[in-house]
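**Q** My questions are about this predicted structure, shown below with the sequence.
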Amino acid sequence: MAALMRTAAERYGDGPAARFQRDGEWVQWSYNELWDRVRAFARGLISLGVDVGNRVCILANTRVEFTVADLAASSVGAVVVPVYPSNSADECQWVVGNSGATVIVCENAAQVAKIDSVRANLPDLQHVVIIDGEASGALTMVEVTARGADIDDAELARRAEAVGPDDACLIIYTSGTTGRPKGCVLTNKGFAVGRRCAVDMALMGHEDVTYLFLPLAHVFAQLIQADCIELGAQIAYWGGDATQIVGELGAIKPTVLPSVPRIFEKVYSLAMGMVPPGDEERVAQAITLGVKVRKARRAGEEVSAADVEAFEKSDAEMFSLVRGIFGGNINLAISGAAPIASEILEFFYASGVPVFEGWGMTETTSLGTLNLPDAFRFGTIGRAVPGVDVRIADDGEIEIAGDIVMREYWRNPQATAEIMSDDGYLKTGDLGSIDEDGYVTITGRKKDIIITAGGKNLTPANLEGDLRRSRWISQAVMFGDRKPYPVALITLDPDEIVPWAKEHGLTADVSELADSNEVRDLIQGELDRVNEQYAKVEQIKRFKILDHDFSLEGGELTPSLKLKRNVVYDKFAEAFEDLYA
């Protein structure tokens with residue numbers, strides 16, 4: 001990774017590398033221009049004392065400056081440590097402090113303020129750099145670049161040669177079932193496998209344009225970025241406003257779209273919501289025919305005249321409109337980071353927007369399995385990518401091995417030992433099966449981790465525990481797998497809420513209190529207090545107060561009074577769904 005950008009500039013030169021917005025206009029940089037900016041900032045990092053193996057944090061949204069800082073840190077042999085811009089100051093402190101970062105690049109003054117508020121607890125942090133604007137005590141990217149003007153490019157070459165395949169190039173912090181996020185130490189050889197897979201599978205080429213709105217703090221976007229640079233594709237960066245994504249897709253007309261399921265789910269829901277009552281069966285038949293025709297054409301098989309006529313009618317009425325939403329040129333869309341329903345994949349395939357599901361973990365450099373245009377099976381997560389071995393353990397858990405597997409959890413040998421098998425396979429926490437053709441299907445999860453529709457891993461136990469610390473709350477159960485945001489069911493502690501109710505002239509009946517505005521306002525205040533400790537994406541947006549507590553007799557608790565999460569999810573499925581209505 002230390003030589004990636006330099007090598008790409010040598011290969012692709014004046015070919016387009018990056019497209020982004022400035023003052024409402026689209027600006028384009030070539031690979032030479034991008035490399036000029038990367039190496040200039042890299043020399044600046046050297047002037048700040050960044051050495052091979054040092055950690056450099058980046059606290060920013062996905063934008064071209066993130067890529068410049070990212071590749072510059074790699075070019076000096078440092079380890080990149082992304083931080084979600086939505087993280088609270090406390091969460092930033094954990095990532096920056098635990099990683100021992102010496103430099104952090106912040107997007108703006110608001111992000112610098114987060115770091116300033118916890119700076120006293122970050123003894124290793126020496127420099128704060130700001131992308132946009134200025135902030136007291138922070139260096140601008142221009143100032144850092146100027147500091148390194150006298151450093152020779154030979155120093156960058158020397159550093160690149162000093163980095164080995166087993167050395168770390170990226171540490172991504174990911175939530176576990178309990179405790180603080182763990183830093184997944186990803187290696188140069190892991191990313192080399194990812195880039196080689198992209199070459200071998202011909203995912204994209206120098207003529208392709210990849211629209212990138214995924215957070216570069218997430219390993220999926222990091223891998224896509226590396227693949228684009230390896231193959232000479234152009235990265236078109238979103239403008240940072242989710243409401244403008246469709247408009248930007250229309251302007252950019254990308255050929256490759258890596259995404260989490262949410263964007264596809266939204267378009268699918270919109271399309272299905274426009275189907276007139278009584279036409280559902282006709283639309284379902286059109287989708288089935290669309291899949292059949294497109295598969296046949298790709299395989300070079302004959303399609304009957306009747307099928308062609310019916311397909312072209314559906315294409316003109318509906319499918320062409322769907323393609324238009326994505327700019328009209330999508331050749332490949334990859335959905336990752338969270339599961340996506342088969343019927344959604346079939347709809348987009350029929351529409352000419354081929355969306356293929358892949359699967360991986362932060363711990364596996366975002367790699368594992370992938371469906372491909374000429375080798376896919378709806379309802380599966382595809383087959384193992386080259387250089388990766390996937391197996392099913394005796395208990396049904398999916399295990400994975402290969403150079404893609406992380407080196408370790410940073411400074412956490414116990415957690416590292418727990419996730420690895422004796423023979424070097426990583427335990428994924430997912431249950432699944434592998435068919436005779438090698439296609440992998442996930443059948444369940446061993447962990448309680450919630451993966452939202454946006455692909456963010458959430459740890460319910462932490463927030464639930466904080467809520468239970470409220471005197472009014474007995475139990476709190478967070479829900480949100482495959483959903484756009486988390487919600488919760490809450491039960492009241494009768495020993496506390498009843499006296500409070502009497503003091504406020506309310507009924508002593510807990511079932512009635514659960515529906516009262518006064519109690520709801522009380523619990524909302526508790527939730528607001530707890531939510532403040534978490535990133536926005538982790539915060540519970542809606543809740544329902546149940547009219548009774550969980551119990552051993554009701555089946556929601558074990559004999560040791562531990563929560564049976566799956567029982568609660570099943571038993572109160574309707575209540576959870578109502579929170580999204």
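**A** Structure received.

**Q** Residue 55: what's it in contact with?
**A** Listed by C-beta atoms under 8 Å, 6 or more residues apart in numbering, the contact partners of residue 55 are 78, 79, 80, 81, 99, 100, 101, 102, 171. In this view, the C-beta of every residue, glycine as well, is placed from N, C-alpha and C.

**Q** Buried residues, the host helix or strand of residue 258. List them.
**A** Of the helices and strands defined by DSSP states H and E, residue 258 is found in strand 256-259. By 16 or more other C-beta atoms under 10 Å, the buried positions in strand 256-259 come out as 256, 257, 258, 259.

**Q** Could you pull up the mean pLDDT of it?
**A** Along strand 256-259, the predicted confidence averages to a pLDDT of 96.

**Q** tell me how far that strand is from the chain's mean position?
**A** Taking the mean C-alpha point of strand 256-259 and that of its whole chain, the gap between them comes to 13 Å (C-alpha atoms, centre = their mean, to the nearest Å).

**Q** Give me the contact list for it.
**A** Looking at strand 256-259 with C-beta under 8 Å, 6+ apart, the contacting residues turn out to be 203-204, 208-214, 220-221, 224, 233, 249, 326, 330-336.

**Q** shaky segments in the stretch 301-450 of the chain?
**A** Residues of the stretch 301-450 of the chain that meet the criterion pLDDT under 70 lie in 444-445, 447-448.

**Q** before we move on, what about the chain?
**A** With pLDDT under 70 as the threshold, the chain has low-confidence stretches at 175-179, 273, 444-445, 447-448, 558-562.

**Q** could you point out the longest helix in it?
**A** For the chain, the helix that runs over the most residues, judged by DSSP state H, is helix 280-298.

**Q** Would you mind measuring from residue 119 to residue 96?
**A** When distances are taken as C-beta to C-beta, to the nearest Å, residue 119 and residue 96 turn out to be 9 Å apart.

**Q** residues shared between the contacts of the two?
**A** Residues touching both residue 119 and residue 96 (C-beta under 8 Å, 6+ apart): residue 125.

**Q** More neighbours: these two, which one.
**A** Looking at residue 119 and residue 96 with other C-beta atoms under 10 Å, you find the greater number of neighbours at residue 96, namely 27 against 15.

**Q** what about the helices in the stretch 51-200 of the chain?
**A** Using DSSP state H, counting those that start in this stretch, the helices assigned to the stretch 51-200 of the chain run over residues 64-75, 89-99, 109-118, 141-147, 153-162, 188-200.

**Q** domain ranges for this structure?
**A** Per the record, the chain has its domains at 4-163, 262-450, 459-578, by automatic domain parsing.

**Q** Figure out which of the ones you listed is closest to residue 186.
**A** Distances from residue 186 to each of these were compared using C-beta to C-beta; the minimum, 5.2 Å, belongs to domain 262-450.

**Q** distance between that closest one and the chain's centre?
**A** Averaged over its C-alpha atoms, domain 262-450 has a centre that lies 15 Å from its chain's centre (C-alpha atoms, centre = their mean).

**Q** same deal with stretch 186-205?
**A** In terms of C-alpha atoms, centre = their mean, the centre of stretch 186-205 is found 19 Å from the chain centre.

**Q** State the three-state secondary structure for residue 7.
**A** For residue 7, the assignment made with DSSP: H, G, I helix; E, B strand; the rest coil gives helix.

**Q** And for it, the neighbour number?
**A** Other residues within reach of residue 7 by the criterion other C-beta under 10 Å amount to 14.

**Q** Now do the helices in the stretch 351-500 of the chain.
**A** 413-419, 460-468, 494-503.

**Q** just the CA coordinates of the second one, formatted as PDB?
**A** Presented in PDB, the C-alpha positions along helix 460-468 are these (Å, rounded to 0.1, in the frame of the first residue of the first chain):
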ATOM      1  CA  PRO A 460     -26.900  -3.200  21.600                       C
ATOM      2  CA  ALA A 461     -25.600  -4.400  24.900                       C
ATOM      3  CA  ASN A 462     -23.700  -1.100  25.700                       C
ATOM      4  CA  LEU A 463     -26.600   1.200  25.000                       C
ATOM      5  CA  GLU A 464     -29.100  -1.100  26.600                       C
ATOM      6  CA  GLY A 465     -26.900  -1.300  29.700                       C
ATOM      7  CA  ASP A 466     -26.800   2.500  29.900                       C
ATOM      8  CA  LEU A 467     -30.600   2.700  29.700                       C
ATOM      9  CA  ARG A 468     -31.100   0.000  32.300                       C
END
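
**Q** contact partners of it?
**A** With contact meaning C-beta under 8 Å, 6+ apart, helix 460-468 is reached by 177-179, 448, 450, 473-478, 486, 488, 490, 526-527, 530, 533-534, 538, 540, 565.

**Q** Now with 7 Å, please.
**A** Among residues not part of helix 460-468, those counted as contacts by C-beta atoms under 7 Å, 6 or more residues apart in numbering are 177-178, 448, 450, 473, 475-478, 526-527, 530, 533-534, 538, 540.

**Q** For residue 347, give its distance to residue 538.
**A** Counting by C-beta to C-beta, the gap between residue 347 and residue 538 amounts to 30 Å.

**Q** Residue 85 - nearest residue in space that isn't next to it in sequence?
**A** On the basis of C-beta to C-beta, 6 or more residues apart in numbering, the spatially nearest residue to residue 85 that is not a chain neighbour turns out to be residue 61, at 5.3 Å.

**Q** neighbours of that neighbour, just the number please.
**A** 21.

**Q** Look up phi and psi at the residue of the chain most remote from its centre.
**A** In the chain, counting by C-alpha atoms, centre = their mean, residue 505 sits farthest out from the average C-alpha position, at 47.8 Å. Comment: the main-chain dihedrals of residue 505 come out as phi 70, psi 30, following degrees, to the nearest 10.

**Q** List the contacts of residue 206.
**A** Residue 206 makes contact with 12, 15, 231, 232, 233 under the criterion C-beta under 7 Å, 6+ apart.

**Q** farthest pair in the residues you listed?
**A** Of all pairs drawn from the contacts of residue 206, the greatest distance, 10.9 Å, lies between 15 and 231 (C-beta to C-beta).

**Q** Give me the more crowded residue out of these two.
**A** Set side by side, residue 15 and residue 231 give different neighbour counts by other C-beta under 10 Å, the larger being at residue 231 (20 against 16).

**Q** Buried residues of stretch 517-534, list them for me.
**A** Of the residues in stretch 517-534, 519, 520, 522, 523, 526, 527, 530, 531, 534 count as buried by neighbour count, 16+ other C-beta under 10 Å.

**Q** For the strand holding residue 258, list the C-alpha coordinates in PDB.
**A** Extracted as PDB, the C-alpha positions of strand 256-259 are listed here (Å, rounded to 0.1, in the frame of the first residue of the first chain):
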ATOM      1  CA  VAL A 256     -19.700   1.100 -10.900                       C
ATOM      2  CA  LEU A 257     -21.600   1.600  -7.700                       C
ATOM      3  CA  PRO A 258     -20.500   0.000  -4.400                       C
ATOM      4  CA  SER A 259     -23.300   0.500  -1.800                       C
END
